[in-house]
Every structure is written in structure tokens, then in C-alpha cells.
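*Asks:* What would the 3D arrangement of this be:
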Amino acid sequence: MKLTVFYGTETGNAKGLAQKVAKKGEKNGVEVDIVDLASSEVSVLESIDHPFVVIISTWDDGAPPPKCVPFCKALAETDLSLTGKQYTVLALGDTEYPLFCECGKQVDARLSALGAEAVMPRTDLGADFMVSYIGWSKNFWKTMAKVYGVKK
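*Replies:* Coordinates of the predicted model:
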């Protein structure tokens, strides 16, 4: 069982959550790779043959984290086929902005448009994300047990 966790961050929050997902995955017997979107090419998505998670924050009012702009721009412009790929998006943002979690919403919509299948709906987390993350994590691993064919 394998999982890739991509993260896009400016302040480190998304990276911290990616590390939490990886730690829980390892406890569940899942091999987890963590990939920084700031240094990743969109083409890597095509080669993944296992589920993946994208944890990405929204910077300012709707924009991707500055370091992730090249990845997000390439994702918006690519014509890769992601048919058969399984993913979910965990979006971080600030509810004070009108375009709350917009970056995560755009990534989710684009992955779906390229043919990838969401194993669970995108989840948007606000400033109190650590409290909400706990519930997301429980739901995520319950969902992944089904994806991996593990009975709990």
C-alpha cells in the first residue's frame, strides 16, 4: 500500500499536515512519499499508480502559495490524462477572504477535469485547521482502508 502526499505551502502549515498524514500512514502500514509542489513537475501525476493527496494553502485572496505558482499554472494548462488516478484535496485558507480555499478548489476541479477520481470530497479548513484536521484524518483513513481493500 502506497500513498503520495503533495503539499503546497508558504508558512509551513500544509507541510506540517503532510507530515502528520505520513506519520499516520506509516502507523497504518502505508508507505508514504511527501512531495513539495514548489519543486515538482505536473508530469509526475501521470506516473503515480496509487492514491494521492494534495494539501495546499491559499495565499492572500485566492492565489496559490507563491512558491507553487509554477505547478498550479502548469496544472491549469496541461492536457495530461489522469484517468484511473485516485486523489483527494485538503485545502487550507482564511475565512476572512472572499476566495476562501480558492487554490484548493481550483486544483480539485482541474484534477477532476483531467479524469482523476476523488476518493473523498475536497475538504476546506480555516484558521482553526488543527481541530478540523483530526476529523478529516479519521475520515480519510477510514476511506483509504476501503480503497486499499483493508477491513477494519
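*Asks:* switch to C-alpha atoms for all contacts and neighbour counts from now on
*Replies:* Will do.
*Asks:* Quick check, pLDDT for the spatially most central residue of the chain.
*Replies:* Central residue of the chain (C-alpha atoms, centre = their mean): Val54, 1.3 Å from the mean position. In the prediction, the pLDDT value recorded for Val54 is 98.
*Asks:* Tell me the spacing between it and Thr95.
*Replies:* Going from Val54 to Thr95 by C-alpha to C-alpha, to the nearest Å gives 20 Å.
*Asks:* same question, Gly149
*Replies:* In this view, Gly149 and Thr95 are 36 Å apart by C-alpha to C-alpha.
*Asks:* of these two, who's got more company?
*Replies:* For Gly149 and Thr95, the more surrounded residue by other C-alpha atoms under 10 Å is Thr95, and the numbers stand at 14 against 10.
*Asks:* so which strand or helix has Tyr7?
*Replies:* In the assignment (DSSP states H and E), Tyr7 maps to strand 2-8.
*Asks:* Partner strands of that strand, with direction?
*Replies:* If you go by DSSP bridges, strand 2-8 pairs up with strand 31-36 (parallel), strand 52-57 (parallel).
*Asks:* Quick check, Ile55 in contact with Val5.
*Replies:* Yes: counting by C-alpha atoms under 8 Å, Ile55 touches Val5, with 7.3 Å between them.
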